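got a predicted structure plus its sequence, pasted below:
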Amino acid sequence: MPFIEIKNLRYEYYQPGCEDESSPAIKDVSLSIEKGSFVAICGINGSGKSTLAKSINGLLVPTSGKVFVDGMDTADDSNIWDIRSRVAMVFQNPDNQIVSSIVEDDVAFGPENLGIDPAEIRRRVDDALTQVGMYKHRNKGAHMLSGGQKQRIAIAGAVAMRPECIVFDEPTAMLDPKGREKIMKIIRQLNSEGITTILITHFMSEACQADRLIVMKEGQVYSDCTPMEFYSDGELVKGAGLELPPVIELRERIRQHGVDIPSTVTDENTLIEFVEKYR
Amino acid sequence: MIRDITLGQYFPAGSIIHSLDARTKILGTLLFVIELFVVDSFFGFAVLATFLAAIIAASKVPVKFIFRGLTPVFAIILFTFVINLFMSPGRVLWHWWFLTITVEGVRRAFFMAVRLVLLIIGSSMLTLCTKPIQLTDGLEKLLKPFKAIGVPSHEIALMMTIALRFIPTLMEEADKIIKAQQARGADFESGNIFRRGKALIPILIPLFVSSFRIAQELALAMEARCYNGGGGRTRMNEIHFARRDALAGVLMAASLGAAIAIRIL
Amino acid sequence: MAIEVKDLQYTYSPGLPGETKALDGVSFNIDDGSICGIIGHTGSGKSTLLQALDGLIKPSDGEIIIDGISLTDKETSLVDVRKRVGIVFQYPEYQLFEETVAKDVSFGPSNLGLEGDELEAAVRSSIELVGLDYERIKDKSPFELSGGQKRRVAIAGVIAMNPGILILDEPTAGLDPTAHKEILSMVKRIHETRNIIIVFVSHNMGDVADMCDKVLVMNEGRIILDGTPRYVFGQKDVLDEIGLGVTPAAEIVGRIRERIPEIDSDVLSMEEAAASLAEFIKRKRS
């Protein structure tokens, strides 16, 4: 059985007075996510990707349809804390998810909520801070850290709960390129240690690092395949309102110059091979 | 710059004062404040100031750092001083147009300013030497007996934790908004009080909206981290009374006794 | 209108333990009507420089001359600065506060003394310039708009002040790819319509190369490169050393050139890279 199973999910935000009151954020989504996988979710604003993410750990309960985590129904209130301890979440704004002023106290917040023994919390907090490379900053005030460092604290806070899955909701959107790179490295590391990883992102280069890419459009799954399969199809990418990876854009433009370059050219290596044939 | 404000900050120095139980320090601070109001002579203030100086010395927090925390409240101290200086009736010392300074006024002005400075330094010692989480844990435990009469001790403590956490964030936010509105030609410095009050609207509304957004996002993040009220929670660092706390308690009782004695004598 | 900056210095928290030199001898010129990109890491001094250009902070030393007026001169009134320089900070949508879009956009120009028809015309033209429908949006509350629309309204609020210099600090931060493209074409449109200086801060090298006539590279409070995009992005070694890259197209072509050195090295945009590679392949085929 897959770790996460979504069946005919529909979600409507109740917003009285809003113009598009009737249009649901998610129309009809069914998909399953295997344990240990690394799944990216892309889509422009309003495509429903963030709503989908919040539905996975029961922050949002489906209007209709079902979401199961490890066999547990998110709509069943008695499961909710079990589900959230298994599926942790990291949000976009690093500032607004840190609860305590001091770094290590914040990382301890989740495990404390789970009622874990103090000595075990200490161990988990130290481990989690080491994993994100912030152990030496453990006694600092959160407001003295950079955006990227704060985001690493938020990840440590999730890791300290020892979840099986972490959902990252645009974790790098507010960071600079350096901070972004570091966060991606940590995410890849966590996934290689067996944590099921769901990454919502606007950045094509980040989505390409996943094993599977789900593209959302207008509340529905628009495409579900490997990142390479998706991005090598220029029309598909444009249809989703996303950007082409540089190599694919280059390939399309070379074609416009009248050179028939095959669709098997999808990344730098295949492009170099192709050009090398003409040396 | 906003980062320079030290009021309410924690200064990790690992001294004996730092290692006291948060409850001891909260009660101690409370007692110190009471003593400040019990005492009614400069001699009494001198005793309390010596007591405070001893605590500062023991805390290993740099004096410079403590005084830097006074700068943002300097205006309040000055205001209190001026109000007392000119508004106290008594033997006239100096008079010009509508301004009058009396002997009593001078005394009161100094008296209130000293009291205020000691009050601010004394209470900032509490936050400088106590981690915010221990402070709020201590408060929660102190309030626990009152839970029976409906005091939500856990919620009050959590509110304090979050407030302490978000003060710097909101100050930075305010700084950004002020700069953005200044860039749009907003003028906060001229005009009468009414105009100046009105000039604050372009700052207060975005700040309010931001606070609301932060609160919503934070609530969601806390829920995702399995926050489910105070029940069933544990603490990474449980706070415990130790022998040094008993000793501190005795010292505090003695100081209160001394303060009352000074007043009566 | 032109910008002339001479030997600017700025220190945060002077004399305190947190003392940092944010600007350390910054000098450059920006010509009338050009788009100037500024790149550099967080903490390189970019935002301090932008704030100094709008008179929001006073540099400890040096001079800024805009349109012949010295910003650093004590005699210069801030209103004179605001009439010339408009700055849009990161995430500008968080500064909106009025009941309606039209009122919010009016805030800047009315602070500069604009009234009546003149004010309305300024508001209307700037809302239209950012690509929004004036009649449809003017009476809406800015808080019920979408994220992208809010950002446009905030930008309109600065454009309505009719500045000769428009500073945009990462105007596309946090946007999805579609909204990102729309904002860039809006910036181009503003530049073409108003023919003003635009100072554009971005972390996206492709955008900077594509949009700008001139690029300044900042590192540790200094300007380490200053020139056309072609010159600046030609200095790959310098950029690599401080951890900034070149454009994606130059990156790929650089990688191909490691194997096939005869390919043109002087490419900046995707289109140039495509033309150069296509030309190479065609030449070899025949």
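That came through fine. Residues are numbered from 1 along each chain as shown, chains lettered A, B, ... in the order given.

and the gap between C:T72 and chain B?
Note on C:T72: its distance to chain B, by CB to the nearest CB, to the nearest Å, is 17 Å. The way it works is simple: take the backbone N, C-alpha and C, and place the C-beta from them, glycine included.

C:I64 is in contact with that residue, correct?
Yes: with contact defined as CB atoms under 8 Å, C:T72 and C:I64 form a contacting pair (5.6 Å).

which one's more surrounded, those two?
C:I64 (24 against 17; other CB atoms under 10 Å in any protein chain shown).

mind checking the SS state of that one?
With DSSP: H, G, I helix; E, B strand; the rest coil as the basis, C:I64 sits in strand.

check A:A119 and give its pLDDT.
We have a pLDDT of 94 for A:A119.

and for C:A273?
Model confidence at C:A273, expressed as pLDDT, equals 93.

quick one, phi/psi of residue 44?
Assuming you mean chain A. Note on A:I44: backbone dihedrals following degrees, to the nearest 10 are phi -70, psi 170.

correction: the question concerned chain B.
Dihedral angles for B:G44 - degrees, to the nearest 10 - are phi -60, psi -40.

thought it was touching B:A259?
Yes: using CB under 8 Å, B:G44 is in contact with B:A259, at 6.6 Å.

where do the contact lists of these two overlap?
With contacts taken as CB atoms under 8 Å, 6 or more residues apart in numbering or on different chains, the residues that reach both B:G44 and B:A259 are B:V38.

the stretch 1-150 of chain C against chain A: which residues are in contact?
Counting by CB under 8 Å from any CB of the partner chain, the residues of the stretch 1-150 of chain C close to chain A are C:H41, C:T42, C:G43, C:E144, C:S146, C:G147, C:G148.

now do the same contact list for the fifth one.
The contact partners of C:S146, by CB under 8 Å, 6+ apart, come to A:N45, A:G46.

for it, give me the pLDDT.
87.

who's more crowded, B:G44 and B:A259?
Applying other CB under 10 Å to B:G44 and B:A259 shows that B:A259 carries more neighbours, namely 23 against 19.

am I right that that one is in a helix?
Yes: under three-state DSSP, B:A259 falls within a helix.

nearest spatial neighbour of it, skipping sequence neighbours?
In space, and not counting its chain neighbours, B:A259 is closest to B:E35: 4.0 Å by CB to CB, 6 or more residues apart in numbering or on different chains.

the one you found: helix or strand, and which one exactly?
Applying DSSP states H and E as the criterion places B:E35 in helix B:22-38.

hmm, who's touching that helix?
For helix B:22-38, contacts defined as CB under 8 Å, 6+ apart pick out B:17, B:44, B:48, B:51-52, B:115, B:118-119, B:122-123, B:125-126, B:129-130, B:134-135, B:137-139, B:141-142, B:239, B:241, B:245, B:248-249, B:252, B:255-256, B:259-260, B:263.

can you select the buried ones among these for me in ChimeraX?
Here is the ChimeraX selection string for the buried members of the contacts of helix B:22-38, based on 16 or more other CB atoms under 10 Å in any protein chain shown:
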select /B:17,44,48,51,52,115,118,122,123,125,126,129,130,134,135,137,138,139,141,142,239,245,248,249,252,255,259
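
which of the contacts of helix B:22-38 fall in strands?
Among the contacts of helix B:22-38, DSSP state E puts none in strands.

over to the spatially most central residue of chain C: give its phi and psi.
Note on chain C: the residue nearest the mean C-alpha position is C:F200, at 1.3 Å, using CA atoms, centre = their mean. For C:F200, the backbone dihedrals (degrees, to the nearest 10) come out as phi -130, psi 110.

ok so, going back, ok, and for the helix holding B:E35, which residues are buried?
Neighbour-count burial for helix B:22-38 flags B:22-29, B:31-32, B:35-36, B:38 (criterion: 16+ other CB under 10 Å).

out of the residues you listed, which is nearest to A:V29?
In terms of CB to CB, no member of the buried residues of helix B:22-38 lies closer to A:V29 than B:A22, at 48.5 Å.

not counting sequence-adjacent ones, nearest residue to that closest one?
B:G138 (2.9 Å).

do I have it right that that neighbour meets B:D21?
Yes: counting by CB under 8 Å, B:G138 touches B:D21, with 7.0 Å between them.

thinking again about what came up before, which one of the buried residues of helix B:22-38 is nearest to B:A109?
B:L36 (16.5 Å).

tell me who's in contact with B:P202.
By CB under 8 Å, 6+ apart, B:P202 lies in contact with B:I177, B:Q181, B:R184, B:A186, C:Q95, C:F97, C:F107.

separation between B:L31 and B:S255?
With the distance defined as CB to CB, to the nearest Å, B:L31 ends up 7 Å from B:S255.

which strands and helices sit next to the longest helix along chain A?
The longest helix of chain A (DSSP state H) is helix A:177-192. Here helix A:177-192 touches helix A:118-131, helix A:147-159, strand A:196-200, going by 3 or more CB pairs under 8 Å, 6 or more residues apart in numbering or on different chains; DSSP states H and E.

so for the last one, mean pLDDT?
This means strand A:196-200. Strand A:196-200 comes out with an average pLDDT of 97.

packing partners for it?
Secondary-structure packing of strand A:196-200 (3+ CB pairs under 8 Å, 6+ apart): strand A:38-42, helix A:49-56, strand A:165-169, helix A:177-192.

let me know the angle separating it from helix A:49-56.
Here strand A:196-200 points in a direction 150 degrees away from that of helix A:49-56 (axes from the mean of the first three to the mean of the last three CA atoms, to 10 degrees).

which residues are in contact with C:F28?
C:F28 makes contact with C:I3, C:V5, C:L216, C:I223, C:D226 under the criterion CB under 8 Å, 6+ apart.

how many neighbours does whatever residue of chain B ends up closest to chain C have?
Nearest residue of chain B to chain C: B:G185, at 3.1 Å (CB to the nearest CB). The number of residues packed around B:G185, counting by other CB under 10 Å, is 20.

so it sits against C:V79, correct?
Yes: using CB under 8 Å, B:G185 makes contact with C:V79 at a distance of 7.0 Å.

common neighbours of those two, please.
Residues touching both B:G185 and C:V79 (CB under 8 Å, 6+ apart): C:L112.

could you report the separation of the residue nearest to B:A259 from chain A?
29 Å.

what does C:I242 give?
Note on C:I242: its distance to chain A, by CB to the nearest CB, is 11 Å.

you'd agree that residue is up against C:G43?
No: the pair C:I242 and C:G43 fails to qualify as a contact (CB under 8 Å) at a distance of 11.9 Å.

how does the chain divide up, domain by domain?
No chain in the question, so chain A it is. A:4-244, A:245-279 (automatic domain parsing).

other chain: chain C
C:3-246, C:247-286.

so C:G157 is in which element?
helix C:147-159.

which outside residues touch that helix?
Here helix C:147-159 makes contact (CB under 8 Å, 6+ apart) with A:45, B:183-184, C:86-88, C:91-93, C:95-96, C:101, C:104-105, C:107-108, C:123, C:126-127, C:129-132, C:137, C:142, C:145, C:166, C:168, C:171, C:175, C:179, C:182-183, C:186, C:190, C:194.
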